[in-house]
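A.B. asks: pasting the structure only:
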Ligand code: HEM
């Protein structure tokens, strides 16, 4: 079995999971919702196996390294962390509607990898560092937490869009607005330290490779922008009591900045990290 | 005075923090859209002269060192210091003061609260309660009230989590301090070392000044390895460090991601290349005097005779190529001319006109070289390694600040200060009412599930006494 075939397979399983969640949402039946959960778990298992296989294959080729070294590998890992975080969170919710929002993110990011160079490449000297592995790992865990927070904030805004308590579909089927708001905040409270750790390990890597821990290259700067937005979010929330709409909008802005930091910088701006377009 | 007071108030406010975070994000964003550190003419080329003038005069070309950006950062530091300085003492005193027993020992207004009715026929409940609580919480409770028919136990966990924001803020201040220290007391430079040569100074990156190292570094060998695909696998410099007298102190390797630090100075593998050493035979056309010199590029050497005339090689090509349109105008038959060295004589007025000398055929043009006839006898390529050289006394501060920052986050965002009350009140000879109440101080919403788990465990331990259970 080839790793790319498995990734394709897991993309389809996630897609099926998404469809199940949508059916669940449309017909208000529990069955498809449970099927969505089961499919998501299957997709995650297949994808985990695929990632492990790629790692193992790289060792067979004599250029063993954790599969976190180029755009393809990072995107596969990003969708993996999103699916994993979703499954960890969904156990604590009494709704499965979140899946209808998270699964498309997982599917699209995984489907986009079919357009990328999938070859296992040996690491050029600058990438041969344990800092790099720690850096990518923590950054993407943080991004995944922000992605889930984004979905919660979106649900929150949908839920409170009409008159609350109007008895509309979302109003009846979503958890309470306060809970959505709280979950969104909690995901950011987890994602923020992870992003910080990501930035710090990145700085440590830059320091050992280039002799400067901070050189204001666009990727670094964008990660700082993301960090500042979420820092503003946390302070507004913790110390000034911002809740609800305003804080949901900040969360959307934060995630937009996160996506730009990950993809926009690679595709539109150039810098030290431009190797990652490979 | 009023104005001053309000200013201080604002400076210590968290509104300013939020505003500064957003402003810093926006200014940083501008810096990623406009390429940084280009020359004025480069800006004029890409943006037109008017826009370029605006960019340069606003400092957008080097935005992260502009007055505006540095002011924002300084303001952030002051805000941080003022705000934490104002609030920290309150938190400190509040935590030192401890928690008085609430007047209502039934904790009626508490969100997380549970009551159990126990049968206390056997007297051992009161004695064992403390031990059970210690087991469940991993910590022995404090007895706050001990009356005949009423006792109140108190447990406090992770009080230190309340200091989280201040630890995180201190971390940020130390990181900023480390950055400033590095700028004022450190340097960044570079060094080019051909194999077999040594250096005792580096070139400062910004000013181009020579910075003495305090010791000497020699490149013994430079090694470049490739993967079968041709992609680079390893750049490695094998170096020796020598003291000022030239005695070898140690040997070491410098690779990408594996810098070498010696006496506070760190060397990073940065680039590599080749330099050439050429052997020239020079004859004085008038008196036939001849010398053979072996020289590198850009090192003047003496010409034969006793006038002290000098010349210098300024370029070398293993295979000199000349543009096709020039071929037609010269007698050369091809564009590939083989090894060639470009020489220049050093005259009193300055440099003479530079000229190329080919290895094959040996030069016969009498107009080249003036009074001297040059023959390129041979050449040798020498690998050189390019090293970045840095000393950053601020770096340890930065890393220490990072650790504090992460610890602070952990304490502020993921851990919580929890308090837990247990009150027992005798309600008859065989009946005891037990009230449990808990609170997560900073994240009350997250605390609820912990409370449920804690009370579930307590209930299990207390099962033998639960009435009717
Ligand atoms: C970017 C630089 C930062 C500045 C200028 C800043 C500034 C402030 C200020 C002025 C306050 C209110 C005063 C106080 O309670 O101490 C505050 C509170 C707080 N900050 Fe920050 N902060 C920064 C970064 C952070 C970071 C990275 C965290 C990460 C967790 C953080 C966590 C907190 C928390 C949890 C509070 C609430 C404190 C409370 O309510 O007692 N801060 N910050």
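C.D. replies: Arrived safely, thanks for sending. As the structure is a computational prediction, the values presented were derived from the model and not from experiment. Numbers count the residues shown, from 1 in each chain, chains lettered A, B, ... in the order given.

A.B. asks: Please enumerate the helices of the chain.
C.D. replies: Picked chain A for this. Taking DSSP state H to define them, one finds helices in chain A at A:3-27, A:30-60, A:71-90, A:97-112, A:130-159, A:169-173, A:177-210, A:218-240, A:244-259, A:265-268.

A.B. asks: right idea, wrong chain: chain B
C.D. replies: If DSSP H is used as the criterion, the helices of chain B fall at B:2-11, B:14-33, B:40-47, B:49-57, B:67-97, B:124-137, B:164-185, B:324-327, B:395-409, B:444-462.

A.B. asks: ok so, going back, wait, which of the helices of chain A is closest to residue B:209?
C.D. replies: helix A:177-210 (21.1 Å; CB to CB). C-beta here means a position set from N, CA and C on the backbone, and glycine is covered the same way.

A.B. asks: The closest one close to the ligand?
C.D. replies: No: using CB under 6 Å from any ligand atom, helix A:177-210 stays clear of the ligand, with a minimum separation of 6.7 Å.

A.B. asks: tell me the average confidence for that helix?
C.D. replies: Average pLDDT, helix A:177-210: 91.

A.B. asks: That helix vs helix B:444-462, what angle?
C.D. replies: Helix A:177-210 and helix B:444-462 meet at an angle of 100 degrees, taking axes from the mean of the first three to the mean of the last three CA atoms, to 10 degrees as the criterion.

A.B. asks: circling back: export the helices of chain A as a markdown table, with columns for mean neighbour count and distance to chain B.
C.D. replies: As requested, those are exported to a markdown table (neighbours: other CB atoms under 10 Å in any protein chain shown; distance: least, CB to the nearest CB, whole Å):
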| stretch | mean neighbour count | distance to chain B |
| --- | --- | --- |
| helix A:3-27 | 20 | 19 |
| helix A:30-60 | 18 | 13 |
| helix A:71-90 | 22 | 13 |
| helix A:97-112 | 22 | 18 |
| helix A:130-159 | 23 | 8 |
| helix A:169-173 | 13 | 21 |
| helix A:177-210 | 22 | 4 |
| helix A:218-240 | 22 | 4 |
| helix A:244-259 | 20 | 8 |
| helix A:265-268 | 16 | 7 |
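
A.B. asks: Turn these into JSON lines, including distance to residue B:170.
C.D. replies: JSON lines is the format used below for the helices of chain A (distance: least, CB to CB, whole Å):
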{"stretch": "helix A:3-27", "distance to residue B:170": "44"}
{"stretch": "helix A:30-60", "distance to residue B:170": "39"}
{"stretch": "helix A:71-90", "distance to residue B:170": "30"}
{"stretch": "helix A:97-112", "distance to residue B:170": "37"}
{"stretch": "helix A:130-159", "distance to residue B:170": "22"}
{"stretch": "helix A:169-173", "distance to residue B:170": "44"}
{"stretch": "helix A:177-210", "distance to residue B:170": "15"}
{"stretch": "helix A:218-240", "distance to residue B:170": "15"}
{"stretch": "helix A:244-259", "distance to residue B:170": "25"}
{"stretch": "helix A:265-268", "distance to residue B:170": "31"}
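
A.B. asks: Please name whichever of these is nearest to residue B:406.
C.D. replies: The closest of those to residue B:406 is helix A:177-210. By CB to CB, the value is 6.2 Å.
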